[in-house]
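# The amino acid sequence is not available; the structure is as follows:
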């Protein structure tokens, strides 16, 4: 006797507990196995690129906050680098260090979210997520001291940062770093060698290095596949040429490797923050610039950073006006989503969520 | 008395509370009405006790989870937030009762009722204190197994009737898990019944001169694991895996129906913890005072609940195929080992009348604890290889994405 079966198409998202916002993917299942994948994007499209053409160069900074809202500092940095390149200016050293410091703190915060939700999607009910968010809250508190905002920081400006850190910021930062060592150890003890986490993620959805390159993914996802590729090392910006750090690289590019690379990067970011504190010297934090910036007509610039999710680039074209003629955003989350089909096809429903989580997308950045 | 007679040997007549109510009511009412009223009062007590217990468990679980997770938990309404379940219930009752378009209305509505009813009926045979079970059935263990497996039918009906694909996923998973885990659970209970020499839960408590979690640690382990699977609790909670399939079989349930399903779930945790206390932790037997039996029972029950909450807050979830592997390749052999060892021990240790003395139980404990440690370690080692292998085979089966080039990676 044969039992007639038929595939079943399910809309995962845009309203689903673990699609990181409003990501929608139409999946056809054969039982629990995935046979067809079709991502549907655009539910969070806000026209950031078009809006940027209507703002002046400084005002666009506030738009970048809302791209990947879990790493706004790094978005600020990428945009400011692009504008500086367009104008041919360079921020003073203290400004550079403050940017590097803020960006690395943001990277820690962003990776903590990524790891927390990754384990949440594995089914650990809240506990690892709360552990990571406890530390992230402290970082957001530090941002509040820096610039008065926690998420939409708008801390950086073309030519530096908008204000120096208050005096009580430095002891608070030291206190956080000391506490965070212990908290990080706690998270690592809970997760890194967790048997269930290992059997769920090891060997699941591996991404071979050649596929990763062909899909032009970047960031932790690329490094997990075994490729040493980090813009902080390859084209150092701000103060990254002054600090020492290692680039953790994975092996097979499976879900565990992507998770592992993030955990290691948190440690490296801590190293960078500590070096920044040791090296930073008093001085101006921002260049004296006119209120409204203008670039040469026809000038073009591409500023890129190693954001928490991959290469974040801003391509700016000037027509000599007060605002960019064109602002193209190369967002890592969108490009990293090109591997969706490769990650999901042939795997099970339970692995699908975890694989998506291991890519760590942010819809604000995907749809822009 | 107006000539009414209650059979003291009957299942209900043997219950002192039932007999008391019956006799009082029989002074003024006809016999059949007194019988019905006594039954209704007993039911009222049972339903309220179980549902109140479920409410307390839901509050306790949320508070505990809060502590485990570095947060506060519900603390606004009542002392320490203890009235939170009432607030939740008030909210759920006043919500719109939605039956989705295309759902099978009758089946959809019946499910919460079946779930709560099977829970209540199963709870009736648990002895809360010495001689205080609503019904002390002589086939109590069998009865519990039979009634509690009604849940799997209810869950499958829920998934099927909801006209929702996530619910269908959840239902399919739940039935697979529930049916598989029934087998090792039954086998582990067989060991308990063999040693106690009775299926009545009251007799099993009396037989525990040494608590059975010491006498049969393997059975205790298997039962605990099997019951967390039957309760849909991490690491076996695939049936309502929130991050994957929203809420599984009860995705479409809202309002009072959702409240009933939740009551059945938290009540289920209470019931299973009570069962563990009865079967493995010597039930109402305590260090002093038999009349304090209810207290010892409650303490032991809450130990069980604490254990479940602790596990839930710590572990991630296994995949469905891994859960099946754990069941058939890990828990099954363990329960067979337990059954074989216990049977042999009972065969050689029992006296002429077939009874076991306390000294015999201690001898069994001395043998079984090393056996449990060794076999859990051995099969644990095997299962690690198995589960990792199963991950690897699926990895090989994954298709290759289109247009792969052979770029040299430096």
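Yep, it's here. What you are looking at is a predicted structure, and each value in this text was computed from that prediction instead of being measured.
# secondary structure class for residue A:27?
Here residue A:27 is recorded as strand under DSSP: H, G, I helix; E, B strand; the rest coil.
# Between the two ends of stretch B:224-243, how far is it?
Counting by Cα to Cα, to the nearest Å, you get 24 Å between the two ends of stretch B:224-243.
# Please determine whether that stretch lies in contact with chain A.
Yes - Stretch B:224-243 lies within reach of chain A by Cβ under 8 Å from any Cβ of the partner chain, at B:234, B:235, B:237, B:238, B:241, B:242, B:243. Where C-beta positions appear, they are placed from N, C-alpha and C, glycine not excepted.
# Neighbour-wise, which one of those leads?
In terms of neighbours by other Cβ atoms under 10 Å in any protein chain shown, the residues of stretch B:224-243 next to chain A top out with residue B:238 at 30 neighbours.
# residues contacting it?
Counting by Cβ atoms under 8 Å, 6 or more residues apart in numbering or on different chains, residue B:238 makes contact with A:350, B:173, B:174, B:177, B:232, B:244, B:248, B:317, B:318, B:319, B:320, B:323.
# Apply 6 Å and report the result again.
B:173, B:320 (Cβ atoms under 6 Å, 6 or more residues apart in numbering or on different chains).
# Against residue A:89, how distant is the nearest residue to residue B:175 once chain neighbours are set aside?
Of all residues not flanking residue B:175 in the chain, residue B:156 sits nearest, at 4.9 Å (Cβ to Cβ, 6 or more residues apart in numbering or on different chains). To residue A:89, residue B:156 is 68 Å away according to Cβ to Cβ, to the nearest Å.
# Just want to know which of those two has more residues nearby.
Taking other Cβ under 10 Å, residue B:156 and residue A:89 do not tie; residue B:156 has more neighbours (19 against 14).
# pretty sure that one contacts residue B:173?
No - using Cβ atoms under 6 Å as the test, residue B:156 is too far from residue B:173 to be in contact (10.4 Å).
# Those residues of the stretch 51-200 of chain B touching chain A, which are they?
Residues of the stretch 51-200 of chain B lying close to chain A by Cβ under 6 Å from any Cβ of the partner chain are B:68, B:69, B:70, B:165.
# Could you turn the buried ones of those residues into a PyMOL selection?
To isolate the buried ones among those in PyMOL, judged by 16 or more other Cβ atoms under 10 Å in any protein chain shown, type:
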select buried, chain B and resi 68+69+165
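# what ranges do the helices span in the stretch 51-200 of chain A?
All helices of the stretch 51-200 of chain A, identified by DSSP state H, counting those that start in this stretch, fall at A:60-65, A:72-87, A:93-121, A:127-147, A:169-191, A:195-201.
# Rebuild those helices as a markdown table, extending it with distance to residue A:337, mean pLDDT and mean neighbour count.
Shown next, in a markdown table, are the helices of the stretch 51-200 of chain A (distance: least, Cβ to Cβ, whole Å; pLDDT from 0 to 100; neighbours: other Cβ atoms under 10 Å in any protein chain shown):
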| stretch | distance to residue A:337 | mean pLDDT | mean neighbour count |
| --- | --- | --- | --- |
| helix A:60-65 | 20 | 90 | 22 |
| helix A:72-87 | 18 | 91 | 26 |
| helix A:93-121 | 15 | 90 | 26 |
| helix A:127-147 | 23 | 89 | 19 |
| helix A:169-191 | 25 | 89 | 15 |
| helix A:195-201 | 20 | 83 | 21 |
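# and residue B:110, which of these is closest to it?
With distances scored as Cβ to Cβ, the stretch of those nearest to residue B:110 is helix A:93-121 (33.1 Å).
# Report the angle between that closest one and helix A:127-147.
160 degrees (axes from the mean of the first three to the mean of the last three Cα atoms, to 10 degrees).
# how about the residues of chain A near chain B?
Neighbours of chain B within chain A, by Cβ under 6 Å from any Cβ: A:8, A:10, A:17-18, A:121-127, A:130, A:134, A:196-197, A:199, A:203, A:209-211, A:213, A:227, A:342, A:345-346, A:349-350, A:353.
# which parts of stretch A:203-219 are buried?
So stretch A:203-219, judged by 16+ other Cβ under 10 Å, has buried residues A:203-215, A:217-219.
# next one: it to chain centre, how far?
Centroid separation between stretch A:203-219 and its chain, computed with Cα atoms, centre = their mean, to the nearest Å, is 17 Å.
# Compute the first-to-last residue distance for that stretch.
Rule used - Cα to Cα; the end-to-end distance of stretch A:203-219 is 20 Å.
# Where does the prediction get shaky in the chain?
As the question left the chain open, I've gone with chain A. In the predicted model, chain A carries pLDDT under 70 at residues A:1.
# try chain B instead
For chain B, the stretches with pLDDT under 70 are B:1-4, B:6-16, B:131, B:386-410.
# Provide a list of residues in contact with the residue sitting nearest the centre point of it.
Taking Cα atoms, centre = their mean, the centroid of chain B lies closest to residue B:272, which sits 3.1 Å from it. Residue B:272 sits next to B:227, B:231 when contact means Cβ under 6 Å, 6+ apart.
# With distance to residue A:268 added, can I get the helices of the stretch 51-200 of chain A in a markdown table?
A markdown table is the format used below for the helices of the stretch 51-200 of chain A (distance: least, Cβ to Cβ, whole Å):
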| stretch | distance to residue A:268 |
| --- | --- |
| helix A:60-65 | 24 |
| helix A:72-87 | 15 |
| helix A:93-121 | 9 |
| helix A:127-147 | 16 |
| helix A:169-191 | 12 |
| helix A:195-201 | 21 |
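# residues near residue B:40, how many?
Counted with other Cβ under 10 Å, the neighbours of residue B:40 add up to 11.
# which secondary structure element contains it?
Using DSSP states H and E, residue B:40 sits within helix B:31-68.
# Show me what that helix is packed up against.
helix B:16-26, helix B:84-94, helix B:105-123, helix B:255-280, helix B:293-314 (3 or more Cβ pairs under 6 Å, 6 or more residues apart in numbering or on different chains; DSSP states H and E).
# Neighbours of residue A:166, how many?
Residue A:166 has 10 neighbours, counted by other Cβ under 10 Å.
# can you check residue A:244 too?
8.
# Start and end of stretch A:238-253, how far apart?
One end of stretch A:238-253 sits 30 Å from the other (Cα to Cα).
# tell me which residues of it are tucked away?
A:238, A:239, A:240, A:242, A:243, A:245, A:247, A:248, A:249, A:250, A:252, A:253.
# Contacts only, for the closest residue to chain B within chain A.
Going by Cβ to the nearest Cβ, chain B is nearest to residue A:123 of chain A, at 2.5 Å. For residue A:123, the contact set (Cβ under 6 Å, 6+ apart) comprises B:234, B:241, B:316, B:317.
# Is residue A:36 in a helix, a strand, or coil?
Here residue A:36 is strand, with the state taken from three-state DSSP.
# Name the pair among the contacts of residue A:123 with the greatest separation in space.
Longest distance between any two of those is 10.6 Å, between B:241 and B:316; criterion Cβ to Cβ.
# What are the boundaries of the helices in the stretch 251-368 of chain A?
For the stretch 251-368 of chain A, helices defined by DSSP H, counting those that start in this stretch occupy the ranges A:255-279, A:332-336, A:340-344, A:349-359, A:363-367.
# how about those helices, which one is nearest residue A:81?
Per Cβ to Cβ, nearest to residue A:81 of the helices of the stretch 251-368 of chain A: helix A:332-336, 15.4 Å.
# on contacts alone, who are the packing partners of the closest one?
Helix A:332-336 sits against strand A:310-317, helix A:363-367, with contacts defined as 3+ Cβ pairs under 6 Å, 6+ apart.
# Adding mean neighbour count, write these out as JSON lines.
As requested, those are exported to JSON lines (neighbours: other Cβ atoms under 10 Å in any protein chain shown):
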{"stretch": "strand A:310-317", "mean neighbour count": "24"}
{"stretch": "helix A:363-367", "mean neighbour count": "24"}
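# Let me see the contact set for the residue of the stretch 101-250 of chain B found nearest chain A.
When scored by Cβ to the nearest Cβ, the stretch 101-250 of chain B has residue B:243 as its residue closest to chain A, at 4.3 Å. Counting by Cβ under 6 Å, 6+ apart, residue B:243 touches A:17, A:18, A:121, A:353.
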